[in-house]
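K.L.:
Generate a structure from the sequence data that follows.
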Amino acid sequence: MDVTELDYAFLQREGIRCLENMSGTAWTDFNSHDPGITIMEQVCWALTDLGYRLDHPIADLLSEGTGEAGTKALRGIAPPAQALGCAPVTLNDLRRLMLDIEGVSNVWIEPEEDLEPQLYFHRERHTLSTEEIPETQPLKLQGLWRVRIARDDRDQPNNATIKREAVRRLHAHRPLGIDFTRIEVLPVEEIMVQAHIEIGGATDAEALMVALLQQLSGHISPRVAFQTLQQRLAADTPLEALFDGPNLDYGFIDDGDLPDEQRRSSLRTSDLIQLIMGVPGVRAVRHIQLAKANSFGSSDIQWQDWELKLDYQEPNPKAPRLHLKPGLIQLYRQQVPVRIDTQRVLAHYQQHMGADARRLPTSTERMPELPTGRDRHIARYHSILHHFPEVYGVGQAGLSPDATAQRQAEVKQLKAYLQLFDQLLADQFAQAANAAALLAGDDPEAPLYATGKIQADGLGLDQVRTTTYQDALNQAETAAGISPEGISLRRRQLDHLLARVGETFVDPVAETEDAWDGLEDRRALLAGVGEVTAHRGNGTNSLQPFSADNRGGLERRIALKLGLHPDQGETFLLVEHVLMRALPGDQKQSEPLLAQVASADPYSLQLSFVFPGNGGRFAVKKEASAPGFRGYVEHLIREETPAHLSVYVHWLSATAYKAFEEDLAHWHTRRRDNLLSYFNIQEEGAGT
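P.N.:
Modelled structure (predicted):
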């Protein structure tokens, strides 16, 4: 709020300056005894009141109209997780989504190197087949990923439960143009650490042993560290960074706290020595070796002094974990072995690990408290007549009983004249109170320009009005709402609200569609903008049935931005090419899988939009001189599609589109059945 709006003296000086410029030499007396100056001063006083009310906290302004004296949640304000969060975009986002599953300690998302079946492109015939001949070149697809999961050292939940939840989450949040070939929980590879460690004289040996086990375990199999909202805010993390990415159940994961994104191929004793020496109380590492626990007890156990190779490659990759066999780590004090109770050490270690186990945070640990406001009743307006000197006779005291008829008429005339200023001011107060409804945009009946009501307060204002005051107010609001100007203003209001969240809605409508005003389509986009923006990079859920409800975020976003009306045939289908790649079993075909292929790779990072060419506004064909609605559709699709994806737009006849839709539904159903069987997911639990 500009401080000048609260400065009565400034407003008075500005008013007099304007009067001097407008009146010239016709008005020379600008002292307070002049009635015109008195009127101006009362208006200035009312403006300072308006400025004061507008200077209330924004939470109070957005709570206006609730009619409650206490606090009230703000209208139209989305919580940070909803306003700032989004579906997974990067590989780290997907890893966070997997790490949020109970029982998962680490996850690796790696590009698929072994395509099954391997496809070959014939350069001269332009065909794709599974047959390798000298004229062909192997096809390397992009966007295929395999997911490997390492579980923690608890028994619950079991591997099958973890895998099913991972499959559900990944397919429910699958980014466009990618697919998951394998999702598996890795078997455990127990790693033994044999060490002789010299400790200080006053060191608690058992406590030090527990600390050593914690450090070694965290190095061999890192565990994710979730943080609460308070911990992240204490580290000065801004909200826009805090809620960047998918919302997690167990809290927040900082980028620096994510476990290694590359699986280890080996463990080095030098790294472990450095780790051990960092534990308080340790003086020296006299001896250290590594071995795999599956050979423990055998005569050919292979201890490694420098580096232990891990089973991380195909065909049987494993996830390493510290083997807690008692007696492998021996503590010494002045070269004399220290006796410790190994069972008590293991019990304390398990107790510490249990204390570090993840837990579901409370609501206040996950979400910041939303601001609340108080209804200040900003719209309540009292007439400026109250502040006039009593000699004017316009206040509650009125005129003396013996006033002449002419004097009474003059007072009524002045009251009527002052109603012009009163109503303008009352409207401004009401409009300030209307800000909450305007900025929320959730009420299509909310007035764009609110009409204020002057409190009667015994001023006898009905005596100077020719019609009922409330009827006049209702007529003014109705006229503003149904007039062409009112519709245009409503459109501008919704465009403004969309612009506040970085969105635009263009009216690509033919001239013959005069009845279409675009208001409902704008409201639909505004209502769904949070979801479709957060999920704009998501594809369809392959585990869900084929239906109009199972649409990816980009599909829903484009439909909203185009204002499509499915009941008028305005619909479309989105096809992700990578999902239509060859699958195991297709290598049995003797004929090429694809003929007349335009490029060597028709699958990677490519999308196709298929439209019925005669549905609703789609029937207006694109021309060179006038792109029309089809031209706008193609422009919007290329504008909204993520830049790393190549996009194609196809227009089909009604018959061809219907046949294509049926074939796509059949293909989706068959593929879904195959995925449910491949991942061992029951149909009733396929979705998330």
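K.L.:
How far away from the center of its chain is whichever strand or helix holds Lys561?
P.N.:
In this assignment (DSSP states H and E), Lys561 forms part of helix 553-562. Distance, stretch centre to chain centre, for helix 553-562: 16 Å (CA atoms, centre = their mean, to the nearest Å).
K.L.:
How about stretch 13-24?
P.N.:
Distance, stretch centre to chain centre, for stretch 13-24: 53 Å (CA atoms, centre = their mean).
K.L.:
Give me the buried positions along that stretch.
P.N.:
Buried positions in stretch 13-24, judged by neighbour count with 16 or more other CB atoms under 10 Å: Gly15. No exception for glycine: its C-beta is placed from N, CA and C like everyone else's.
K.L.:
Would you mind writing the CA trace of it as PDB?
P.N.:
Provided in PDB are the C-alpha atoms of stretch 13-24 (Å, rounded to 0.1, in the frame of the first residue of the first chain):
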ATOM      1  CA  ARG A  13      -3.300  19.200  -1.000                       C
ATOM      2  CA  GLU A  14      -3.700  17.100  -4.100                       C
ATOM      3  CA  GLY A  15      -7.400  17.800  -4.100                       C
ATOM      4  CA  ILE A  16      -6.900  21.500  -3.900                       C
ATOM      5  CA  ARG A  17      -4.300  21.400  -6.600                       C
ATOM      6  CA  CYS A  18      -6.600  19.600  -9.000                       C
ATOM      7  CA  LEU A  19      -9.400  22.100  -8.200                       C
ATOM      8  CA  GLU A  20      -7.100  25.000  -9.000                       C
ATOM      9  CA  ASN A  21      -6.200  23.500 -12.300                       C
ATOM     10  CA  MET A  22      -9.800  22.700 -13.200                       C
ATOM     11  CA  SER A  23     -11.500  26.000 -12.000                       C
ATOM     12  CA  GLY A  24      -8.900  28.500 -13.000                       C
END
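K.L.:
Low-confidence regions, the stretch 151-300 of the chain specifically.
P.N.:
155, 295-300 (pLDDT under 70).
K.L.:
could you redo the last one with a cut-off of 50?
P.N.:
Applying pLDDT under 50 to the stretch 151-300 of the chain flags the ranges 296.
K.L.:
One more: the chain?
P.N.:
Judged by pLDDT under 50, the stretches of the chain that qualify are 1, 69, 71, 296, 511-513, 684-685, 687-688.
K.L.:
what residue of it is the furthest out?
P.N.:
Asp402 (72.2 Å; CA atoms, centre = their mean).
K.L.:
ok, now how distant is it from Tyr678?
P.N.:
Asp402 sits 101 Å away from Tyr678, going by CB to CB, to the nearest Å.
K.L.:
what does Leu645 give?
P.N.:
26 Å.
K.L.:
Looking only at neighbour counts, state which of the two leads.
P.N.:
Taking neighbours as other CB atoms under 10 Å, Leu645 and Tyr678 compare with Leu645 leading, 18 against 14.
K.L.:
Hmm, the more buried one is touching Leu607, no?
P.N.:
Yes. Between Leu645 and Leu607 a contact is recorded at 5.5 Å, counting by CB atoms under 8 Å.
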